[in-house]
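Peer 1: Here's my sequence, what's the structure:
(one chain, ligands or ions: 2)
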Amino acid sequence: MGVTRRMFLMELARRKGFRVESELSDSVTHIVAENNSYPEVMDWLRGQAVGDSSRFELLDISWFTACMEAGRPVDSEMKYRLMEQSHSPPLNTPDSEAPSFVASKVSQYSCQRKTTLNNCNKKFTEIIEEGESSRAKEVLNDERYKSFKQFTSVFGVGVKTSEKWYRMGLRTLEELKADKTLKLSKMQKAGFLYYEDLVSCVSKAEADAVSLIVKNTVCTFLPDALVTITGGFRRGKKTGHDIDFLITNPGPREDDELLHKVVDLWKKQDLLLYYDIIESTFLKEQIPSRKVDAMDNFQKCFAILKLYQPRVDNSSYNTSKKIDMAEVKDWKAIRVDLVITPFEQYAYALLGWTGSRQFGRDLRRYATHEKKMILDNHALYDRKKRVFLKAGSEEEIFAHLGLDYVEPWERNA
Ligand code: DCT
Ligand code: MG
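Peer 2: Numbers count the residues shown, from 1 in each chain. Ligands and ions are numbered 1, 2, ... in the order given. Below you'll find the predicted structure:
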């Protein structure tokens with residue numbers, strides 16, 4: 001236990017007339033531990049050069065608490081004793097039949113936990129979500145924070161640009177729009193142009209509609225191609241800020257031109273509002289990146305697609321104010337990411353792009369610190385054996401890492 005708690009408990013016991021030693025000595029008869037298993041206490045005793053540990057009673061903190069309550073030493077019954085077979089110390093509760101999982105350890109790695117969208121810790125995280133704490137309120141009311149929040153809500157605007165604009169004295173989106181001297185990138189121009197559509201979330205229905213378009217287009221060029229929705233939608237989310245697609249062609253045939261062909265067709269069909277193709281920078285036999293937040297090296301396209309969705313125009317019923325149909329916007333701008341992966345890297349790319357971001361970070365941390373392996377969106381490398389571990393499915397990657405499989409909808413860390 002922590003020093004402060006130990007001092008407090010020792011003082012409490014002394015005040016009640018117990019004799020408490022600060023160090024292990026011949027006069028010690030009872031040893032009290034909190035959150036330590038029997039093997040851990042035995043290890044500690046060995047470190048203290050104690051030959052015969054049987055002369056001590058090894059007890060859980062629940063014995064101490066019972067003693068404090070009674071004001072005298074209570075019997076060291078079985079339920080208070082640390083024992084070889086027990087995996088966890090007895091619970092600090094009079095009910096000795098309390099479920100054992102309560103005291104079992106929760107892994108620090110989210111890849112060893114199951115996190116569904118049903119957040120059972122709402123009680124604790126609401127502070128963060130609702131800002132219902134004085135500290136959170138302070139931060140949320142901060143001028144700089146408010147401006148950054150607005151600026152970064154624009155597609156293509158990150159903290160660096162926000163910082164620059166804030167230093168120029170700009171504070172709101174209206175001020176940005178009004179400032180004609182601002183130099184905007186092609187991405188930021190699109191961000192402002194389709195701002196309202198892009199900040200309103202993408203629904204599952206919209207994701208399904210876009211999925212059809214992507215599949216149809218890709219398959220006109222590569223009939224056997226595999227097109228998979230990844231990101232939040234694969235984790236079961238009902239809304240998202242974009243739609244992430246992973247595209248691969250089973251078999252040896254690869255087509256570096258596929259993305260370009262898809263983009264060209266969409267341009268002809270007037271479906272593309274913005275796009276940026278990043279070429280692949282992957283080198284064969286490249287050792288995975290150690291950075292937990294590194295960008296991967298796949299060929300990819302960040303795009304804004306025009307999704308047509310005929311809107312019910314209520315005003316047409318109002319004969320006096322009949323709006324010309326041409327004025328009614330019948331589409332929505334949707335952010336789409338297309339990622340192309342070679343088939344042999346598909347499982348790794350799928351695992352990486354399914355996220356969540358936190359889940360991915362923890363997988364990589366786990367691989368590095370617990371397995372001496374390096375994981376990224378392309379491969380898994382065993383540093384001890386100096387080999388790349390092949391995987392045809394996500395299940396195989398979890399197995400390589402010695403982890404129980406976690407379903408996509410349980411990766412919402
Ligand atoms: N990812 C990655 N490498 C990147 C970018 C993203 O491995 N360079 C992973 C992390 C999560 C996943 O891809 C999808 O990214 P986002 O779309 O940013 O997250 P999301 O979980 O889909 O969230 P949202 O619903 O807001 O789109
Ligand atoms: Mg996404």
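
Peer 1: The chain against ligand 1: which residues are in contact?
Peer 2: Within the chain, the positions near ligand 1 by Cβ under 6 Å from any ligand atom are 231-232, 237, 240-242, 244, 295-296, 352-353, 355-357, 360, 377. C-betas here are computed from N, CA, C, even on glycine.

Peer 1: same thing but 8 Å
Peer 2: Within the chain, the positions near ligand 1 by Cβ under 8 Å from any ligand atom are 202, 230-233, 235, 237, 239-244, 294-296, 337, 352-357, 360, 377.

Peer 1: Can I get the buried part of those residues as one ChimeraX selection?
Peer 2: Provided next is the ChimeraX selection string for whichever of those are buried by 16 or more other Cβ atoms under 10 Å:
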select :202,230,231,232,233,235,237,240,242,243,244,296,337,352,353,354,355,356,360,377
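
Peer 1: Ligand 2 next: which of the residues of the chain next to ligand 1 are close?
Peer 2: Residues of the residues of the chain next to ligand 1 in contact with ligand 2 (Cβ under 5 Å from the ion): 231-232, 240, 242, 244.

Peer 1: Where does the stretch 301-413 of the chain get nearest to ligand 1, which residue?
Peer 2: Nearest residue of the stretch 301-413 of the chain to ligand 1 (Cβ to the nearest ligand atom) works out as Gly355 at 2.9 Å.

Peer 1: That residue reaches Arg411, doesn't it?
Peer 2: Yes. Between Gly355 and Arg411 there is a contact under Cβ atoms under 8 Å: 6.8 Å.

Peer 1: Identify the contacts common to those two.
Peer 2: Shared contacts of Gly355 and Arg411 (Cβ atoms under 8 Å, 6 or more residues apart in numbering): Arg235.

Peer 1: ok, which stretches of the chain are strands?
Peer 2: Remark: strands assigned in the chain by DSSP state E are 30-33, 57-60, 202-203, 226-229, 239-240, 243-248, 272-278, 299-308, 331-340, 373-375, 380-382, 387-388.

Peer 1: how about the residue of the stretch 301-413 of the chain found nearest ligand 2, what does it touch?
Peer 2: Scanning the stretch 301-413 of the chain for the residue nearest ligand 2 gives Asp337, at 7.0 Å (criterion: Cβ to the ion). Contacts for Asp337 were tallied using Cβ under 8 Å, 6+ apart; they are 231, 242-245, 300-303.

Peer 1: Mind listing the residues bridging to it?
Peer 2: Judged by DSSP bridges, the bridge partners of Asp337 are Asp244, Phe302.

Peer 1: Return the distance of it relative to Glu394.
Peer 2: Using Cβ to Cβ, to the nearest Å, Asp337 is found at 19 Å from Glu394.

Peer 1: for the strands of the chain, which one sits closest to Leu82?
Peer 2: Counting by Cβ to Cβ, Leu82 lies closest to strand 57-60 out of these; the figure is 4.3 Å.

Peer 1: In the closest one, which residues are buried?
Peer 2: Under the neighbour-count criterion of 16+ other Cβ under 10 Å, strand 57-60 has 58-60 buried.

Peer 1: Just the CA coordinates for that strand, please, in CSV.
Peer 2: Extracted in CSV, the C-alpha atoms of strand 57-60 (Å, rounded to 0.1, in the frame of the first residue of the first chain):
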residue,chain,number,x,y,z
GLU,A,57,0.5,-15.0,10.3
LEU,A,58,0.1,-13.6,6.7
LEU,A,59,-3.2,-11.7,6.7
ASP,A,60,-5.2,-9.5,4.4
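
Peer 1: Give me the residues contacting that strand.
Peer 2: Identification of contacts with strand 57-60 by Cβ under 8 Å, 6+ apart yields 29-34, 38, 41, 76, 80-82, 89-90, 92.

Peer 1: Hmm, Ser280 is touching Asp296, no?
Peer 2: No. Using Cβ under 8 Å, Ser280 is not in contact with Asp296; the gap is 9.5 Å.

Peer 1: where are the low-confidence patches of this protein?
Peer 2: 85-104, 127-137, 139-140, 252, 311-326 (pLDDT under 70).

Peer 1: Now do the contacts for Val41.
Peer 2: Val41 makes contacts with 31, 33, 58, 82, as judged by Cβ under 8 Å, 6+ apart.

Peer 1: Quick one: buried ones out of those?
Peer 2: 31, 33, 58, 82.

Peer 1: quick one: which two of the residues you listed are the most distant?
Peer 2: The span of the buried ones among the contacts of Val41, defined through Cβ to Cβ, is set by Ile31 and Leu82 at 8.7 Å.

Peer 1: now the helices: where do they sit in the stretch 1-150 of the chain?
Peer 2: Along the stretch 1-150 of the chain, the segments classed as helices by DSSP state H, counting those that start in this stretch run 3-15, 38-47, 61-70, 122-130, 134-141, 143-151.
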